[in-house]
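Q: have a look at this prediction, sequence included:
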Amino acid sequence: MGYTVDVDYAPAYELLVSLRAYIQQKDHSTLQLGAKWVSHVRQQLRPEFAEALAAEKEPWGPAMFPLLIWQSPHKREAAAFVNWLGALSVGEIYERLAPYLPESGQGLPRDLGAGRDWYARVLATWHDQYFRGVDPVILAGLERDAVDKRALLQSAAPDEVVELATGGVSLEPAPEIERVLLVPQYHQNPLNLFALGHRLALFLYAADAVTPAAGQPSPALLRLTRALADESRLRMLHYLGGDERSFKEIVQWSGLAQSTVHHHLVVLRAAGLVRVRFSYDVPRYGLRPTAVQEVSHRLSAFLDPTGAA
């Protein structure tokens, strides 16, 4: 039996994603926004808040908090969502999260109240010092992307929409997955944020929310050309073109460090060149069937001055 796909968008998601983009230092070198954005944001924040963010870690896992946003009646307005969150009782949080975690809530942190208080406090300050100044064009672009994906669901199969939105994630139907929730996000582009819950798979997928100025290459084209401008990644594409491989197999074949292979796969996946076939088993990587055509199409479209390509 297959799964159904829902597409959701609200500013509250991007409030959380933008905070994660800033505090997850290990991802800064990969972010499309880059180190300049991190430095710019740090200058916007009051010193005491910046120091606190550098010392603290997000208390809940990647799946839990977006599930609260999904269920919130106030997610359309980020500040109202934070107020709603702060007023939730521990019992309400449990009732909202437990159905989506295995074995009736196993995996929930012990102190839900402390986590609630952390998010309410940090997100309120983050909204005040950063998020409320985010360009409305970005948020409008995310909403437009969600509308486009919902429209696509009327004519394409659910798994095709998941692969298109995520740039190459092939999520195989499984009894454990009844529903997939797709949410477009901007700040952690080109990374997809993915979590599996009980009967639910959640993707905060990277979306190009801002249209480039005339004559400027699109972010998608830049990701493609940068991904191909590396001998190791080209060799990896050749290897993956022969058959699907596990991460362990790719590491053994390449002779590279696991961290280096992981970085190359992130770059190739962000460019839409590699598909990862994912279920509750070991993920397997392969050359995306449309990879070659995608390179030709995007490059031709940019180089054609008439826009006819």
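A: Sure, I can see it.
Q: could you report the pLDDT at Val282?
A: You'll see Val282 listed with a pLDDT of 81.
Q: which strand residues bridge the residue nearest to it when sequence neighbours are not counted?
A: Counting by CB to CB, 6 or more residues apart in numbering, Val282 lies nearest to Ser246, which is 5.3 Å off, once chain neighbours are set aside. Quick note: C-beta positions are derived from backbone N, CA and C, even for glycine. Beta-bridge pairing for Ser246 (DSSP bridges): Arg284.
Q: can you give the contact residues for stretch 26-35?
A: Outside stretch 26-35, the residues within contact range by CB atoms under 8 Å, 6 or more residues apart in numbering are 21, 37-38, 187-191, 206, 219, 223, 263, 266-267, 270.
Q: next one: stretch 70-77
A: Stretch 70-77 is contacted from outside by 8, 10-13, 69, 80-81, 83-85, 96, 181, using CB under 8 Å, 6+ apart.
Q: what do you get for stretch 98-118?
A: Applying CB under 8 Å, 6+ apart, the contact partners of stretch 98-118 are 56, 59-61, 63-64, 67, 85-86, 88, 90, 93-94, 97, 197-200.
Q: 6 Å instead, please
A: Applying CB atoms under 6 Å, 6 or more residues apart in numbering, the external contacts of stretch 98-118 come out as Pro59, Trp60, Leu67, Val90, Ile93, Gly197, His198, Leu200.
Q: and which of the residues you listed is nearest to Ala124?
A: Of all these, Pro59 has the smallest distance to Ala124: 15.5 Å, by CB to CB.
Q: which ones are touching that closest one?
A: For Pro59, the contacting residues are Gly115, Trp118, by CB under 6 Å, 6+ apart.
Q: now it: how far from Gly115?
A: From Pro59 over to Gly115 the distance is 4 Å, taken as CB to CB, to the nearest Å.
Q: now swap in Asn192 and tell me
A: Taking CB to CB, one finds Asn192 at 24 Å from Gly115.
Q: neighbour count for the contacts of stretch 70-77 - can I get that in TSV?
A: Compiled in TSV, those are given as follows (neighbours: other CB atoms under 10 Å):
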residue	neighbour count
Asp8	17
Ala10	21
Pro11	24
Ala12	28
Tyr13	24
Ile69	21
Ala80	15
Phe81	25
Asn83	12
Trp84	17
Leu85	21
Arg96	16
Leu181	20
